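Engineer: Curious how this folds, go ahead:
(one chain, ligands or ions: 3)
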Amino acid sequence: MTAANIRLLLAEFFAAQPRVLDWGCVSLGNPPPNADNLAAWVHQGLHADLTYMEQRLDERTDPQTFVPWAKSVVLFSLRQPVPFGMSPGWSAGMDTGDFRIAAYAQGKDYHRICHRVMDRFEEQLKVVSPDAKFLRFCDTGPVFERDLAAEAGLGWRGKNATLLSRTHGSGFLLAGFFLDVDLETPAAPSADFCGGCSACLDACPTDALVAPGRLDANKCISYWTIEHKGSIPESMSSQFGNLIYGCDICQDVCPWNHKPKQRHAAELAKTPHPADEPLAPGDWPRSSEDWLKLLRKGGGFRSKLRHTPLLRAGRQSLLRNVLIAMRNTKETLSPEWRTILEAEEDDVAVREQLDRMT
Ligand code: B12
Ligand code: SF4
Ligand code: SF4
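Structural biologist: Residues are numbered from 1 along each chain as shown. Ligands and ions are numbered 1, 2, ... in the order given. Presented below is the predicted three-dimensional model:
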């Protein structure tokens, strides 16, 4: 199959995928532009305890070291389930949840959706080109997804470190696959449209954006609430506000997200519970009481949220985060809940938060 035919197949395929916003491809072979930045980021410890970021740096910055047979890489963006600024428990036109969860996590785990999209493409590819080699990624493997997507023309690297597009903002996730065919596409990186804006740098509550586009995970609420297991220093947790999983603040304030947010919210108002989503807005816990019931031992956390990204944090870390958010929003813990949690929980970080609660 020729490169032109595969490009046509890709175009027709992606056009028929409802959640895919955009796609692009890069011919491999040239050294990637940002290898030094990644090495500096890791050597300065800006990756906190994400030790996987220390490994396989050569492969991360040069895809052909990772997949020697690859001649091209295809990237696509998948729209997040809800726009920025919505809390779980929202209903059309009304934002009612007490605690905030990153928009990408308020729905089905994007890894599953991306893999389904890639399953379908692989099937179609194998029909027309049975010997074609195909290797997918979606947060798996040492792949520098944002940089590759930028090279493929899906957007530019914003000062908030996310990939941003003029049409879609940054409310999307990335995935893609390597192919052993050179798709013969000259790299078409987007220009930078941040201009003189610095809204994200000003809005980050923890000053985690230490320079434009440069994030220190040690200070990022997303890192602490999703990735970090165990204790969280009080100096950090007191800045989380009512965030219990992830953080969208530096994206929510971005002017390029304004129109996509309005468009997406208008669509959701018509179909508040899209068919592929595991939970309707009303199924999400809203109040601290709802969260505590769900997150206590045997409360059904795993079965209720099993299709969402929240499982990644685990029950105890999420409970720790809810207690932090309660304290930050001046909610007290009732004596009944204190008795229950003190009897049931032995996790050090949860116990620590219980001790700090009034
Ligand atoms: C590790 C990781 C994290 C870490 C670290 C974040 C980070 N900025 O690296 C933590 C846990 C904090 C995190 C948070 C989030 N993540 Co994350 N994360 C990743 C992961 C697995 C690797 C990213 C990576 O390679 N980081 C290494 C650093 C060096 O890369 P970088 O920040 O892109 O660095 C560039 C610039 O900062 C600059 N730079 C760095 N240092 C220096 C130094 C100098 C001097 C200069 C000039 C420049 C410079 O150059 C680098 C190369 O271009 C990717 C998936 C993947 N495999 O790519 C998802 C990914 C980047 N995350 C994603 C998402 C959605 C998020 C969150 C929005 C989740 C949330 N709502 O809470 C936040 C956003 C935080 C933010 N503002 O970036 C999406 C991004 C989608 C998008 N539109 O951009 C990805 C691609 C996952 C996916 N498959 O969709 N994430
Ligand atoms: S995700 Fe939140 S904490 Fe992290 S850089 Fe953005 S605003 Fe700051
Ligand atoms: S808020 Fe402003 S500076 Fe930050 S990413 Fe958006 S446009 Fe760029």
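Engineer: Let me see the mean pLDDT of stretch 19-30.
Structural biologist: Averaging pLDDT along stretch 19-30 yields 92.
Engineer: which of the residues in it are buried?
Structural biologist: Neighbour-count burial for stretch 19-30, counted by 16 or more other CB atoms under 10 Å, picks out Arg19, Val20, Leu21, Asp22, Trp23, Gly24, Cys25, Val26, Ser27, Leu28. To be clear about C-beta, it is placed using only N, CA and C from the backbone, and glycine gets the same treatment.
Engineer: what about the last one, distance to ligand 1?
Structural biologist: If I follow you right, that is Leu28. 16 Å (CB to the nearest ligand atom, to the nearest Å).
Engineer: wait, what's in contact with that residue?
Structural biologist: Going by CB atoms under 8 Å, 6 or more residues apart in numbering, Leu28 touches Pro63, Gln64, Ala70, Lys71, Ser72, Val73.
Engineer: For those residues, please prepare TSV with the additional fields secondary structure.
Structural biologist: Formatted as TSV, those follow (DSSP: H, G, I helix; E, B strand; the rest coil):
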residue	secondary structure
Pro63	helix
Gln64	helix
Ala70	coil
Lys71	coil
Ser72	strand
Val73	strand
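Engineer: Which one (most neighbours) among those residues?
Structural biologist: Using other CB atoms under 10 Å as the neighbour criterion, Val73 leads the contacts of Leu28 with 26 neighbours.
Engineer: where along this structure do the strands fall?
Structural biologist: With DSSP state E as the criterion, the chain has strands at 20-27, 72-79, 100-101, 134-137, 156-157, 163-164, 172-179, 209-211, 214-215, 243-245.
Engineer: Any idea which of those strands gets closest to Thr225?
Structural biologist: Minimum separation from Thr225 across the strands of the chain (CB to CB) falls at strand 243-245, 5.5 Å.
Engineer: Is ligand 2 within reach of the closest one?
Structural biologist: No: judged by CB under 6 Å from any ligand atom, strand 243-245 stays clear of ligand 2, getting no closer than 7.9 Å.
Engineer: Which neighbouring elements make contact with that strand?
Structural biologist: Counting contacts by 3 or more CB pairs under 8 Å, 6 or more residues apart in numbering; DSSP states H and E, strand 243-245 packs against strand 100-101, helix 315-328.
Engineer: Get me the contact residues on the stretch 201-350 of the chain for ligand 3.
Structural biologist: Residues of the stretch 201-350 of the chain lying near ligand 3 by CB under 6 Å from any ligand atom: Val253, Cys254, Pro255, Trp256.
Engineer: Ramachandran coordinates for the first one?
Structural biologist: What it means is Val253. phi -80, psi -10 (degrees, to the nearest 10).
Engineer: got a list of what it touches?
Structural biologist: Contacts for Val253 (CB under 8 Å, 6+ apart) come out as Ala199, Cys200, Asp202, Ala203.
Engineer: same thing with His111?
Structural biologist: Going by CB under 8 Å, 6+ apart, His111 touches Cys138, Asp139, Ala175.
Engineer: Any quick ChimeraX command for the buried ones out of those residues?
Structural biologist: To isolate the buried members of the contacts of His111 in ChimeraX, using 16+ other CB under 10 Å:
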select :138,175
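Engineer: With pLDDT as new columns, can the contacts of His111 be given to me in a markdown table?
Structural biologist: Formatted as a markdown table, the contacts of His111 follow (pLDDT from 0 to 100):
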| residue | pLDDT |
| --- | --- |
| Cys138 | 97 |
| Asp139 | 93 |
| Ala175 | 98 |
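Engineer: What is the nearest of the contacts of His111 to ligand 2?
Structural biologist: Lowest distance from ligand 2 to these (CB to the nearest ligand atom) belongs to Asp139, with 16.6 Å.
Engineer: How about that closest one: what's its closest non-neighbour residue?
Structural biologist: Once flanking residues are discounted, Asp139 sits nearest to His111: 6.5 Å by CB to CB, 6 or more residues apart in numbering.
Engineer: Please apply the same query to Thr332.
Structural biologist: Nearest to Thr332 is Thr358, by CB to CB, 6+ apart, at 5.7 Å.
Engineer: State the distance from the residue nearest to Asp139 to ligand 3.
Structural biologist: 25 Å.
Engineer: how far away is that residue from Arg136?
Structural biologist: The gap separating His111 from Arg136 is 11 Å, by CB to CB, to the nearest Å.
Engineer: what is in contact with those two at once?
Structural biologist: Ala175.
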